[in-house]
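>>> Please work out how this folds:
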Amino acid sequence: MSETFTPVITEAGFAAALAAEEGGFKVNITHVAVGSSGYVVPTSANGKATQTALFGERQRVEIQDAREVGNGQTDISFVVEGPGDYFIKEVGFFLDDGTLFAIASHPTQGLIWKSSISRAAIALELVLEAVAPSSINIVSAGPPLQLLLTKEIALLSTIAARNALENMRLSDRIHDITGEF
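Now for the predicted structure:
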């Protein structure tokens with residue numbers, strides 16, 4: 001995410017991470033939600049986001065792929081698709097119990113355009129600075145995101161093969177007419 005989409009941990013997310021750290025267990029971040037409302041994330045005096053939901057949530061999906069980079073950073077990938085055309089201006093990270101863990105938004109800039117006629121594969125970097133990374137588990141539904149594009153790759157390969165076949169047929173016709181290739 002760019003500087004304008006820096007996630008802010010919510011009060012509920014911080015409390016869950018603190019309870020996990022003190023209790024010796026981990027909380028699971030399992031879903032990402034995107035929305036079309038852009039705003040400055042409201043925060044309390046201690047700098048935590050006060051929201052419990054996105055203001056304009058349009059879709060919530062499982063995290064497809066998560067790769068730990070180190071130093072509290074995890075690269076997260078997911079896919080949004082389906083009806084609706086809009087700029088994604090807010091992103092929320094949710095725990096497995098539905099708690100909004102962290103949120104990012106910008107009042108005027110969109111992260112990406114989401115089109116109803118295509119899938120949007122989104123990769124974000126989630127850096128956990130406000131909580132102990134040892135208290136968080138980022139759960140991915142798998143398979144790795146590049147495997148999701150096999151349908152598109154198969155379609156492009158089919159088109160390329162048909163194009164090659166048509167070129168061979170055209171070459172044969174030219175040979176029949178002129179005797180040359």
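>>> Could you use CA atoms for every contact and neighbour count after this?
Fine.
>>> Isn't L126 up against Q73?
Yes. Using Cα atoms under 8 Å, L126 makes contact with Q73 at a distance of 5.6 Å.
>>> Have a look at these two and say which one is more surrounded.
Comparing L126 with Q73 by neighbour count (other Cα atoms under 10 Å), the higher total belongs to L126, at 20 against 15.
>>> Which SSE is immediately downstream of the helix or strand containing the more buried one?
Assigned by DSSP states H and E, L126 belongs to strand 120-127. Using DSSP H and E, the next helix or strand after strand 120-127 towards the C-terminus is strand 136-138.
>>> And the contacts of that following strand?
Contact partners of strand 136-138, identified using Cα atoms under 8 Å, 6 or more residues apart in numbering, comprise 17, 26-30, 66.
>>> from those, which ones fall inside helices?
When these are checked against helices (DSSP state H), the matches are A17.
>>> Tabulate the contacts of strand 136-138 (a markdown table), appending pLDDT, neighbour count and distance to A164.
Shown next, in a markdown table, are the contacts of strand 136-138 (pLDDT from 0 to 100; neighbours: other Cα atoms under 10 Å; distance: Cα to Cα, whole Å):
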| residue | pLDDT | neighbour count | distance to A164 |
| --- | --- | --- | --- |
| A17 | 93 | 24 | 56 |
| K26 | 93 | 19 | 54 |
| V27 | 95 | 22 | 52 |
| N28 | 95 | 19 | 49 |
| I29 | 95 | 24 | 46 |
| T30 | 96 | 20 | 44 |
| A66 | 89 | 22 | 38 |
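>>> got a markdown table for the contacts of strand 136-138, with distance to V80 too?
Shown next, in a markdown table, are the contacts of strand 136-138 (distance: Cα to Cα, whole Å):
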| residue | distance to V80 |
| --- | --- |
| A17 | 27 |
| K26 | 27 |
| V27 | 24 |
| N28 | 21 |
| I29 | 17 |
| T30 | 15 |
| A66 | 16 |
